[in-house]
Every structure is written in structure tokens, then in C-alpha cells.
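# Sequence and computational prediction follow.
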Amino acid sequence: MTKLIAIAKTAWGLLTGSRETVLLIAIAGAAAALYAWGATARKDRDQLQAWAEKVCLSAGAQFPGAGKKVDACAQRIVDLVAYERQSQAATNTILARAVQRQATKSAADTALAKTQAARRTDAAAQMEKADAQIAPDNRVGPDWFDSVNRVAGLRAPGS
């Protein structure tokens, strides 16, 4: 511990001893900060260039390199985005039409099912009436056969 205190006192003495030493340390600190900032900037630039190359290659264009015009790459990306929007809009239109067709068919099927259910209920009621009108000798007439056919979903001849 005493050695550390002695070193600190010596360093403090050097720092406060002359103005040139303090200025030299300040310049060295600034230079170190600028070097670190430059290294970070170079690293960021290299990462950005690698990303741009990857994006351009993914888009199907060649990346011309740092500092050069990237019009072909940028235009290719713009074209791909426009194509994606157009294809998405077309897909949405097709899907909307399909949903509308399905809804129309479903509504028609529901109406048909209701109509057929009403016909079946009416046919069953008419069959019950025809059964009630059977004579005591159990002979049936053409009305009874027409009622059986309606219950079975068949039409009477000539209808």
C-alpha cells in the first residue's frame, strides 16, 4: 500500500511539475480517443458495406462498392418492393372474391336447405292427413300415393 501511495505522489508531482507534461498527456488522451472513435467508425462502415452487399445480392443486383453510385441496386430493391405490393394487392383481391363467392354459395345453400326442410315438413304433414283419411278397409287412393312420393322427395307425375 505504501508503494502505491509513493507511486501516486510521484505521478502527481510529474503532472503538476510542468505545463508541458500536462499538455502532452492531454494531447495523448485526445489522440487515443480519436483513434478509438475512428476504429469504431471503420468497424461500422465495414459492417454497413457487408450488409449492403448482402442486400444487393439478395435483391439480384451487384453492389458496386463503397463510395460509388448504387443506382442499380437501389432500383432493383424499389422494383422488388413494388412487385411485392402489387402481388399482395392482387392476392387480396382474389381472396376477397373467393370469400364473396363462398358467402353467396353458403347463403344459397342455406336458403335451399330451409326450403327443402319446409317441403319435408309439409310432406310429412300431408302424409299424416292422408293416413288419417284411409278407409276402414285399408284401401288407399292416388292421393295417398302422391303423399308417399312427396315424403320420399319424388314429384307427382306431370308436375
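Received, thanks. Residues are numbered from 1 along each chain as shown.
# Buried residues in stretch 72-80, which are they?
Residues of stretch 72-80 classed as buried: 73, 76, 77 (neighbour count, 16 or more other Cβ atoms under 10 Å). Bear in mind the C-beta positions are built from the backbone N, C-alpha and C, glycine included.
# typed the wrong thing, it's stretch 56-75
Quick answer for stretch 56-75 (16+ other Cβ under 10 Å): 56, 59, 61, 63, 70, 73.
# next helix or strand past the least confident helix or strand in the chain by mean pLDDT?
The least trusted helix or strand in the chain, going by mean pLDDT, DSSP states H and E, turns out to be helix 2-17, with a mean of 73. Sequence-wise, the next helix or strand downstream of helix 2-17 (DSSP states H and E) is helix 19-59.
# Report all helices and strands that that next one contacts.
helix 2-17, helix 71-132 (3 or more Cβ pairs under 8 Å, 6 or more residues apart in numbering; DSSP states H and E).
# Please work out the angle formed by the directions of the last one and helix 19-59.
If you take axes from the mean of the first three to the mean of the last three Cα atoms, to 10 degrees, helix 71-132 sits at 50 degrees to helix 19-59.
# picking that back up, just give me the least confident of the buried residues of stretch 72-80.
Confidence by pLDDT is poorest for residue 73 among the buried residues of stretch 72-80, given 76.
# roughly how far apart are it and residue 60?
9 Å (Cβ to Cβ, to the nearest Å).
# Check the residue of the chain most remote from its centre and give its pLDDT.
No residue in the chain has its C-alpha farther from the mean C-alpha position than residue 137, which lies at 74.5 Å (Cα atoms, centre = their mean). In this prediction, residue 137 carries a pLDDT score of 84.
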